[in-house]
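Enquirer: Requesting a structural model of the entry that follows:
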Amino acid sequence: MRNMLKKLLAVCTCIPMLLIADNNQEPDLKKLSETFGNLIGRSLKGPGFSFDMESLITGIRNGADGKPAPLTDEEYEKGMAQVQERLLTHMADENLKIAENFLKANANQPDVRSLEDGKLQFKIVKSGTGEVVPAGGSPEINFTGKLADGEVFSSSEDMGPITLDLSKTIPGFSKGIVGMKEGEKRILYIHPDLAYGKQGPLPANSLLIFEVEVLKANAPKEDAGKAAQQVYENAH
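Expert: Next comes the predicted model:
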């Protein structure tokens, strides 16, 4: 939060100087001030939490007047850490409910097969005829990864087909892709226990949905580890 406000302040400081540099245009400080306040306001609301606006305005005024804040910097940081921890716990709990409700309903859909006590499900979209992906293999694939709401968090469309070492991927992905044939396409539905859980680059306890196409059942592993890291880093 503090770093975000520093960035906003830096932007706000630059705008008047840029306008002043243009002799044909005078800065409208009233509009600049209101716009800066609008930027701050838009950044202060998140799922499950929002600041008390009246207290926030009071704090801004008091800060501008040189008056002390009601908390020290250390007390503020500690309080914000507690708020963020509660928000993360709430988000993890909500996402877990979404994942389990989704998989429970999805298990009844036509052609959906369940593994791992229903925590891993898959649907064959297109059959393959080539070699079979072995356990611990390194298949060359095209893929798209989505969250439960359909948001794409990573895709081979951004990087081209990739070779993945299945021993270095999340369990749900490796278990779901083993046995696929070259040319086969599947949709994998992965419970967070077999994905990133509360860790990783995605929201805590996210259900993951992968659309996967196997191009080659077991390609050389020399670039597979690098590709797996790229997928992880591209997740957002």
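
Enquirer: Can you give me every residue that contacts the nearest residue to E182 once chain neighbours are set aside?
Expert: Spatial nearest neighbour of E182, chain neighbours left out: G130 (2.6 Å); criterion: Cβ to Cβ, 6 or more residues apart in numbering. The way it works is simple: take the backbone N, C-alpha and C, and place the C-beta from them, glycine included. G130 is in contact with K181, E182, G183, V214, A217, counting by Cβ atoms under 8 Å, 6 or more residues apart in numbering.

Enquirer: Closest one of these to A195?
Expert: V214 (19.9 Å; Cβ to Cβ).

Enquirer: Next, count neighbours for the nearest residue to that closest one once chain neighbours are set aside.
Expert: Excluding the flanking residues, the one nearest V214 by Cβ to Cβ, 6+ apart is M180, at 4.7 Å. Using other Cβ atoms under 10 Å, M180 is surrounded by 25 other residues.

Enquirer: so M180 makes contact with F210?
Expert: No: M180 is beyond contact range of F210, at 11.6 Å (criterion: Cβ atoms under 8 Å).

Enquirer: For F153, give its distance to F143.
Expert: 11 Å (Cβ to Cβ, to the nearest Å).

Enquirer: all helices for the chain, in order.
Expert: 2-21, 29-43, 53-64, 73-106, 171-177, 224-234 (DSSP state H).

Enquirer: Counting by contacts, list what the second one packs against.
Expert: The criterion is 3 or more Cβ pairs under 8 Å, 6 or more residues apart in numbering; DSSP states H and E, and the helices and strands that helix 29-43 contacts are helix 2-21.

Enquirer: What's the biggest strand in the chain, counting residues?
Expert: Identified as the longest strand of the chain according to DSSP state E is strand 208-216.

Enquirer: Which residues does that one contact?
Expert: 125-126, 128, 130, 133, 139-148, 161, 163, 170, 172-173, 176-177, 180-190, 192, 195-196, 202.

Enquirer: Repeat that for stretch 92-112.
Expert: 114, 118-119, 121-124, 148, 189, 191-192, 198, 203-207.

Enquirer: next one: stretch 165-183
Expert: 115-116, 119-120, 122, 126-139, 141, 186, 188, 190-191, 194-196, 208, 210, 212-217, 221, 224-225, 228.

Enquirer: Buried ones among the contacts of G130?
Expert: Neighbour counting over those (16 or more other Cβ atoms under 10 Å) leaves E182, G183, V214, A217 as the buried ones.

Enquirer: I'm done for today, thanks for sticking with me.
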